[in-house]
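Colleague: okay, here's the prediction I keep looking at, along with the sequence it came from:
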Amino acid sequence: MDIDGDGNVEVDVQSTQLRHRAADALDMLSFQRLDVYQRAIEFLALVYDIVDDLPRGHADRADQLTRAAESVVRNIAEGAGRWSEADSANRYKIARGEAMECAASLDIMKLRKIITDARHERGSQLLKGVVEMLTKMV
C-alpha cells in the first residue's frame, strides 16, 4: 500500500492476493486437503459415535477400533509430510493395514450384534474408499 502525491491510497492488488493465498494455505495443511484424509476423518467421527454407544463390557473392542482408526488418520498425515516417496509409501501402507483392521473390527462388532447394520455398512463404505485411495498412493 502506498500513498500517492494527492494523498490517495494505492493498493498493490497482486501483493494483497498473494498474502490472502498464503493465509488460506495456513488454514489447512496440505494433507488435510487430501480426499483420503477427509474420508479417514469422516470414518474416525463415525468410530467415536459407535464407541460412545457400545454397551458395557466392550471397552477392549472400543479401544482397539479407536486406536486403529486414529492410526489411519495419523499415518496419512505423516506420509504426506515425508520427503521421500518410499518413506511416504511406507506410511500409506501402514494406514492401509490399519484401515483393514478397522474393517475386521466392524465385522466382529456386527457379528456380536453390538453395532447396527447401518453403522457397519457406513463404516465399510468409508473404509473401502480409504483403502482404494491408499492402494493407489503406494
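Modeller: Everything's here; your move. Numbering: from 1, shown residues only.

Colleague: what segments of this structure are helices?
Modeller: Taking DSSP state H as the test, the helices found in the chain are 13-27, 35-53, 59-80, 85-111, 117-137.

Colleague: would you mind giving these as a markdown table with mean neighbour count and mean pLDDT added?
Modeller: In short, each C-beta sits where N, CA and C put it, glycine included. Shown next, in a markdown table, are the helices of the chain (neighbours: other Cβ atoms under 10 Å; pLDDT from 0 to 100):
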| stretch | mean neighbour count | mean pLDDT |
| --- | --- | --- |
| helix 13-27 | 9 | 52 |
| helix 35-53 | 18 | 97 |
| helix 59-80 | 19 | 97 |
| helix 85-111 | 18 | 97 |
| helix 117-137 | 17 | 97 |
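
Colleague: can you pull the contacts of Gly79?
Modeller: By Cβ atoms under 8 Å, 6 or more residues apart in numbering, the contact set of Gly79 is 31, 87-92, 95, 137.

Colleague: can you tell me the distance between the two ends of stretch 107-122?
Modeller: 12 Å (Cα to Cα, to the nearest Å).

Colleague: ok, the spatially most central residue of the chain to Ala77 distance?
Modeller: By Cα atoms, centre = their mean, the chain has its centre lying nearest to Tyr37, at 2.9 Å. Applying Cβ to Cβ, to the nearest Å, the value for Tyr37 to Ala77 is 7 Å.

Colleague: got any residues that touch both of these two?
Modeller: Phe31.

Colleague: nearest spatial neighbour of the residue nearest to the centre of the chain, skipping sequence neighbours?
Modeller: Ile76 (4.9 Å; Cβ to Cβ, 6 or more residues apart in numbering).

Colleague: verify the stated contact: that neighbour with Ser30.
Modeller: No - applying Cβ atoms under 8 Å, one finds Ile76 not in contact with Ser30, separated by 11.3 Å.
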